[in-house]
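# Sequence plus predicted model, see below.
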Amino acid sequence: MRWWVAVELIEKILAAGGRSAQEVEVYLVEGTGVSAELKREAVAMATGSREWGLSIRTIDKGQIGTSATSSPAKWEECLNAALSSMSLATPQEWHGLPEPADLRRPAPSYDERVVVEPSAAQEFLSLMLEGARKHPESRITSGSGSLTRSEVTIANSHGVHYTAPRTEVSCSLEAICGQSTGSEFAHSPFLEIDPLWVGERAAFFAGHSAKGLPMETGQFDILLSPVALAQLFGNILVPALSGRTVHAGRSRLAPLLGQKCMDGRIDLCDDPFARGMGATAWDAEGVPAARFDFVKGGVLSSFAYDLKTAYRYRAKPTGSAVRGGFSGGPAIGVHNLVLDGPREKIGYDRALSIHDVVGAHTANPVSGDFSVECQNPIWVEGGGFQEPVRKAMLSGNLFDALRGIGGIGAGSRIVGNSILPCVRFKKMQVIG
């Protein structure tokens, strides 16, 4: 859909919806993508895709209705469905959608070098295979590479009309050696991922883990990779920082505002202008986005709010509304969750390095307790990988562990909507 056609459609929706509701919001996503997949070492499939998605929200006297469609021809049906659901909704505290703002700072979410062509995706596959060949003992089981270009627009009946282009590139590979598996991935809004490294790491983890030795149960220092850390953060820490969870009494952090809740070396923020997957100048409701600190020097500074939760609890909106896709309504989340602090060499003293974990979704987000299976656990010492471990479980409490970390490693990587380093944790329980 050309831009002037999209503008005309949005204006039609706002005008038609405005005859039956006090406020109307339109969220529109358009994009193209290409992906290629490996089955073993052969390209099994290469596909192109087009996305068009429309979400409409109507609001009247505190009643909110939503609906979505993937067909431009069905916008009237979508609007009518939103109005119908609005009329059935329970009224709530509401003080309006945002007014237009001067968004002068662009978010780093677009790379003009990204070309949506099958050859580009296939090049990712070739480079991953080349990297994997450095560990010939491992066999490739599957892999993928993709590139997308899209445009996201949000508009409302107060005159907000923001549009932003976005790009995304990603690749992943899985390998096997005997009964051991290994996987790695990379994704970014920019054409700066390294498929060669992805292939080499996946094959290394599979091959090295095949030599795994049993380990005893006990307490050991742990190195959680950014991937493993993101799993635990996403299931425990991020929910605890939501204003909705806090006011519902389901966050362990609720009584600690203004107090020390983590190690004094930890700074934790949501930075929508960082070079990550969630970079944006405005949130999913059109509220201007800005960096804000959750934790500064270990002290809890703030919680995240969308409009609905802020109005209900008389708090200040933080521009923290996100969407899981065009069909989902806005909810509290993070754009780019960034952990920072003094960087150290944390892999010289002996510790168990954990590449990823399985079962983080079973963690208790209220208490912070978790018990997860370790993926590719390997002892590290002297700054390098040493002997692999056959099997291990890691259990503990994330909030307690964050109060006294052993150090923050150099470098960070993008994992979902997080930009995280490797972190060393002291004396955590490992079940061999």
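Received the coordinates, thanks. Computed from a predicted structure; not experimentally measured.
# Val227 in helix, strand or coil?
Following DSSP: H, G, I helix; E, B strand; the rest coil, we place Val227 in the helix state.
# Contact partners for the closest residue in space to it that isn't next to it in sequence?
Nearest residue to Val227 in three dimensions, chain neighbours excluded: Asp356, at 4.9 Å (CB to CB, 6 or more residues apart in numbering). Yep, even glycine has a C-beta here, placed from its N, CA and C like the rest. Going by CB atoms under 8 Å, 6 or more residues apart in numbering, Asp356 touches 183, 225, 227-228, 231, 375-376.
# ok, 7 Å please
Each residue near Asp356 by CB atoms under 7 Å, 6 or more residues apart in numbering is listed here: 227-228, 375-376.
# Repeat that for Ser67.
Ser67 touches 56, 78, 81-82, 85, counting by CB under 7 Å, 6+ apart.
# For the residue nearest to Val227, give the beta-bridge partners.
With DSSP bridges as the criterion, the beta-bridge partners of Asp356 are Gln375.
# I'd like the distance between it and Ala321.
29 Å (CB to CB, to the nearest Å).
# same question, Glu112
Separation of Glu112 from Ala321 (CB to CB): 28 Å.
# do His335 as well
10 Å.
# Skip ahead from the helix or strand harbouring Ala120 and say which helix or strand is next.
Ala120 is part of helix 118-132, with elements assigned from DSSP states H and E. Heading C-terminal from helix 118-132, the first helix or strand you meet, by DSSP H and E, is strand 139-156.
# Strand partners (parallel or antiparallel) of that next one?
Taking DSSP bridges as the criterion, strand 139-156 forms sheet pairs with strand 23-39 (antiparallel), strand 161-177 (antiparallel).
# okay if I get the ones you listed as CSV plus distance to Ser371?
Shown next, in CSV, are the strands paired with strand 139-156 (distance: least, CB to CB, whole Å):
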stretch, distance to Ser371
strand 23-39, 33
strand 161-177, 25
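# Pipe the ones you listed into CSV and attach mean pLDDT and mean neighbour count per row.
Below are the strands paired with strand 139-156 laid out as CSV (pLDDT from 0 to 100; neighbours: other CB atoms under 10 Å):
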stretch, mean pLDDT, mean neighbour count
strand 23-39, 96, 21
strand 161-177, 97, 21
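# mind checking which of those strands is nearest Met128?
Nearest to Met128, of all the strands paired with strand 139-156, is strand 161-177, at 4.7 Å by CB to CB.
# any idea which of the contacts of Asp356 has the most stuff around it?
Ala228 (28 neighbours; other CB atoms under 10 Å).
# Surely that one touches Ala360?
No - contact between Ala228 and Ala360 fails when scored by CB atoms under 7 Å: they sit 8.4 Å apart.
# Flag every buried residue along stretch 12-25.
Within stretch 12-25, the residues that count as buried by 16 or more other CB atoms under 10 Å are 13-14, 16-17, 21-25.
# Identify the residues contacting that stretch?
Outside of stretch 12-25, the residues within contact range by CB under 7 Å, 6+ apart are 26, 56-60, 75, 79, 83, 86, 96-97, 155-157.
# and Thr280, that one's in a helix?
No - counting by three-state DSSP, Thr280 is not part of a helix but coil.
# all numbers from here: first residue = 582
Done: numbering now begins at 582, and the last item shifts to Thr861.
# got a pLDDT number for it?
Among the per-residue scores, Thr861 shows a pLDDT of 97.
# swap in Trp584?
57.
# do Gly906 as well
85.
# how deep is it tucked in, by neighbour count?
10.
# List the residues that contact Gly988.
Gly988 is in contact with 925, 927, 1005, counting by CB under 7 Å, 6+ apart.
# for Val961, same thing?
804, 928, 932, 934, 967.
# wait, what's in contact with Gly922?
846-848, 989 are the contacts of Gly922 under CB under 7 Å, 6+ apart.
# Now for this protein, the helix or strand with the poorest mean pLDDT.
When the helices and strands of the chain are compared on mean pLDDT, DSSP states H and E, helix 584-599 comes out lowest with a mean of 87.
# Could you check the angle that one makes with strand 604-620?
130 degrees (axes from the mean of the first three to the mean of the last three CA atoms, to 10 degrees).
# where's helix 584-599 relative to the chain centroid, distance-wise?
Between the centre of helix 584-599 and the centre of its chain there are 31 Å (CA atoms, centre = their mean, to the nearest Å).
# now swap in stretch 923-942 and tell me
For stretch 923-942, the distance to the chain centre is 20 Å (CA atoms, centre = their mean).
# for stretch 733-752, same thing?
Distance, centroid of stretch 733-752 to centroid of chain: 18 Å (CA atoms, centre = their mean).
# phi, psi of Ala688?
Per-residue torsions, Ala688: phi -90, psi 140 (degrees, to the nearest 10).
# So Ala896: helix, strand or coil?
Classification of Ala896 using three-state DSSP returns coil.
# is it true that it touches Asp887?
No - counting by CB under 7 Å, Ala896 does not reach Asp887; the two are 10.3 Å apart.
# Which of the two has more residues huddled nearby?
Asp887 (25 against 16).
# Number of residues surrounding Glu954?
With other CB under 10 Å as criterion, Glu954 counts 16.
# if I look at it, how far off is Leu933?
Counting by CB to CB, the gap from Glu954 to Leu933 is 13 Å.
# got it, and Gly763?
17 Å.
# Looking at the two, which one has more neighbours?
Neighbours were counted for Gly763 and for Leu933 using other CB under 10 Å; Gly763 has more, 27 against 21.
# Doesn't the more buried one belong to a strand?
Yes - secondary structure of Gly763 (three-state DSSP): part of a strand.
# For it, name its beta-bridge partners.
On the basis of DSSP bridges, Gly763 is bridged to Ala756.
# That one and Pro795, how far apart?
19 Å.
# try Ile591
Using CB to CB, one obtains 61 Å as the distance from Ile591 to Pro795.
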